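Enquirer: this one's sequence-less:
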C-alpha cells in the first residue's frame, strides 16, 4: 500500500489534513480505527521526505566540493602565473642591473681617461706657465728681450 507522490503530504501536514487528502475508501478505513496503516504511511512519507532531503543535501555538498576544487585549481593556476611573472621580472631586473653596471664601468673608464688627459694638459700648461714666467722675469731684468730659440717659437 504505497501512495503516489502527488498525494504525498507536505512535511508539516497533520493527521486530519492527511485524512482529508485520502480517497473516500481510505478515509472510511481510517474512521474504522485503522490507524496502524495511516501511521505507517505517515512514517513512510516522512522517511521518503528525509531521504529526498538527504539526497538533496548530498548533491549540494558535492556541488560545493566541485566548486571548491575548481576554485582551488584556478587559484593554483593564478599563483603559478604570478610566480612566472615574478621570475620574468626578476630576470629583467637582473639584466637591467647588469647593463647599468656595464654602463657605469664604461663611464668610470671614460672619466678616468678624461681625468688623465686633463692632468697631462694641466702639467703641460704648468710647464708653459713656468717658461712664460721665466721669460717675463728675464725680460724684466734685461731691457732687451732675448731672441726666442726656434724650438720655443714653434710652441
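Expert: Perfect, thanks for sending it. Since the model is a prediction, treat every value here as computed from it, not as a measurement.
Enquirer: Which strand or helix spans the most centrally placed residue in the chain?
Expert: When CA atoms, centre = their mean is applied to the chain, the residue found nearest the centroid is residue 82 (4.6 Å). Per DSSP states H and E: residue 82 is located in helix 35-141.
Enquirer: now do residue 13
Expert: Applying DSSP H and E, one finds residue 13 in no helix or strand.
Enquirer: okay, now it: neighbour count?
Expert: Other residues within reach of residue 13, judged by other CB atoms under 10 Å, total 15. Every residue, glycine included, has its C-beta placed from N, CA and C.
Enquirer: which ones are touching it?
Expert: residue 21 (CB atoms under 8 Å, 6 or more residues apart in numbering).
Enquirer: Please repeat the previous calculation with a cut-off of 10 Å.
Expert: Residue 13 makes contacts with 20, 21, 42, 45, 46, as judged by CB atoms under 10 Å, 6 or more residues apart in numbering.
Enquirer: Farthest pair within those?
Expert: 20 and 46 (18.1 Å; CB to CB).
Enquirer: More neighbours: which of these two?
Expert: Legend: neighbour count by other CB under 10 Å for residue 20 and residue 46, higher for residue 46 (13 against 10).
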